[in-house]
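> 3D model of this:
(chains A and B)
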Amino acid sequence: MSANLAPEDAANPPCCCSTAKKDAPACATSASSHEKIEASRKMRWLSGTLAALLAWVLLYSQLVPFSEWVASLFPVERHSHAGEAIAFFFYDAPKVLLLLALVVFAMGVVRSFFSAERTRALLSGRREGVGNVFASSLGIVTPFCSCSAVPLFIGFVSAGVPLGVTFSFLIAAPMVNEVALGLLFGLLGWKVALTYLLFGLGVAIVSGWVIGKLHLEHWLQDWVRDVRAAPADIPSEKLSISDRLQAGLDAVRDIVGKVWPWMLAGIAIGALIHGFAPADTLASIMGHEAWWSVPAAVIVGIPMYSNAAGIIPVVEALIGKGAALGTVLAFMMSVIALSLPEMIILRKVLKFRLLAVFVGVVGLGILAVGFLFNALFS
Amino acid sequence: MKNVKVLGPGCMRCNVTADLVKAEAEKAGVAIELDKITDLAAIAGYGVVSTPAIVIDGKIVHAGGLPKAEDIAKWLKA
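Numbers count the residues shown, from 1 in each chain, chains lettered A, B, ... in the order given. This is a model prediction of the structure:
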């Protein structure tokens, strides 16, 4: 029983302080034991993280031998269609899983430094222009879940964040997410991941700025403009290094745990394309010569709803078969950034006209990215 | 009797949060009255930007993401 009490005290330091006057000596001992427990927890987290990173590097260096070994277990010719597809799958799946876990972990730690409330405080009253750049960048690092898009939208607008700046945030947050970055990094390399990040930011900044310039505040739903809310004062929790590493691990558990089936399905389809699809047909549809493929990709992508985990492995296989990178990126961006469920949610706060402007402006931005990319990298 | 409000538009996490609060209150022996606030205008009125959020006796104690069980216990006892 007494053994159970110690960690409980440690978890509730304020309890100790509030009773400090009555019970000073007991408080002092429990505070120092609390410090000791916290110190050993920090040691555990730091050494655990280091060990995990070492294991990660070791696993990552063994990917090719592993995939060849697995492929050799199947009773098919290594250089046949099926053999290629199998080796591709067993090389890609663990590799992408490893890189995804790494990126999600890092992002989870970074995000523990931000909150939507703090971001709003940073953005309120900011001028357009600089504000758009700020909002888009904060969109990447601020924890965001699409189900809280509406409270966030209202909270931002009612706290005096300009409409265009709010849109910059709302475009960047879902589009440039850790899953997309992690998968692009894993499948197509850091250059493509970085390019996606920069162009995604660009689309969010410019689209938000344009929407701001159009002065469409009167196209918000009426009740949204009537909300007058004082920004909430939320007690900020002091987080230790252990807490932040824990946040990273929680993010990995939560996100990787959720997306891995999609990812495996995507990689399996990708592997089939890799092994079987005829390169000529695909290249003629999605290659550099077909200018109309970019707008077609954007239009097809808008109503589609898939998370990055399912779509990116397919995209990689298409690129391997000669599809132009810009076309494929435009497709990806429009699938991820403009989705039907999100529009249904936003419809609650935007009048139809504003929603249409939003889709139009972002769609045009993505279109520009596609063309620019194809022109730059052909 | 403490009044606890869970703010959220009815997403999965919001329901999980409400269940967590109920369980923790029972465990801690704190009598509570639990309200789920799903109306968007009402949520916005509290000034929170991220959901689920928890309001105890009119004071916002948490916003955004699933709260930890031990934190809920702490808030309920405070």
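> so the residue sitting nearest the centre point of chain B is in which element?
A centroid search over chain B (CA atoms, centre = their mean) returns B:Ile54, at 2.9 Å, as the residue closest to the centre. B:Ile54 belongs to strand B:53-56 when assigned by DSSP states H and E.
> Just name whatever secondary elements that strand is in contact with.
Strand B:53-56 is packed against strand B:2-7, strand B:59-63, helix B:69-77, with contacts defined by 3 or more CB pairs under 8 Å, 6 or more residues apart in numbering or on different chains; DSSP states H and E. Every residue, glycine included, has its C-beta placed from N, CA and C.
> Just want the angle from the last one to strand B:2-7.
For helix B:69-77 and strand B:2-7, the angle between their directions (axes from the mean of the first three to the mean of the last three CA atoms, to 10 degrees) works out to 130 degrees.
> Now do helix B:69-77: distance to the chain's middle.
11 Å (CA atoms, centre = their mean, to the nearest Å).
> anything in it near chain A?
Yes: Helix B:69-77 comes into contact with chain A when judged by CB under 8 Å from any CB of the partner chain, the residues involved being B:70, B:74, B:77.
> could you dump that helix to CSV, C-alpha only?
Output for helix B:69-77, consisting of C-alpha atoms alone and laid out as CSV, is shown next (Å, rounded to 0.1, in the frame of the first residue of the first chain):
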residue,chain,number,x,y,z
ALA,B,69,-6.5,10.0,-17.2
GLU,B,70,-4.3,11.1,-14.3
ASP,B,71,-4.7,14.8,-15.4
ILE,B,72,-8.5,14.4,-15.4
ALA,B,73,-8.3,13.1,-11.8
LYS,B,74,-6.1,16.0,-10.9
TRP,B,75,-8.5,18.6,-12.3
LEU,B,76,-11.5,16.9,-10.7
LYS,B,77,-9.9,17.0,-7.3
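> and the closest residue to A:Leu183 other than its chain neighbours, what element?
If the residues on either side of it in the chain are set aside, A:Leu183 comes closest to A:Ile312, at 4.1 Å by CB to CB, 6 or more residues apart in numbering or on different chains. In this structure, A:Ile312 is located in helix A:308-320 according to DSSP H and E.
> What parts of the stretch 51-200 of chain A come near chain B?
Residues of the stretch 51-200 of chain A found near chain B, taking CB under 8 Å from any CB as the criterion, are A:115-117, A:119-120, A:143-145, A:147-148, A:150-152, A:154-156, A:158-159.
> contacts for the strand holding B:Ile54?
When contacts are taken as CB atoms under 8 Å, 6 or more residues apart in numbering or on different chains, the neighbours of strand B:53-56 outside the stretch itself are A:232, B:2-8, B:17, B:21, B:43, B:46, B:60-64, B:67, B:72, B:75-76.
> Repeat that for stretch A:359-378.
With CB under 8 Å, 6+ apart as the test, stretch A:359-378 has contacts from A:171, A:195, A:199, A:202-203, A:206-207, A:210-211, A:288, A:294-295, A:297-298, A:302, A:324-327, A:329-330, A:333-334, A:337-338, A:343.
> tell me which residues in that stretch are buried?
In terms of neighbour count (16 or more other CB atoms under 10 Å in any protein chain shown), stretch A:359-378 has its buried residues at A:359, A:361-363, A:365-374.
> Now render those residues as TSV, adding pLDDT.
Compiled in TSV, these are given as follows (pLDDT from 0 to 100):
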residue	pLDDT
A:Val359	92
A:Val361	92
A:Val362	91
A:Gly363	92
A:Gly365	91
A:Ile366	92
A:Leu367	93
A:Ala368	91
A:Val369	89
A:Gly370	89
A:Phe371	90
A:Leu372	87
A:Phe373	83
A:Asn374	85
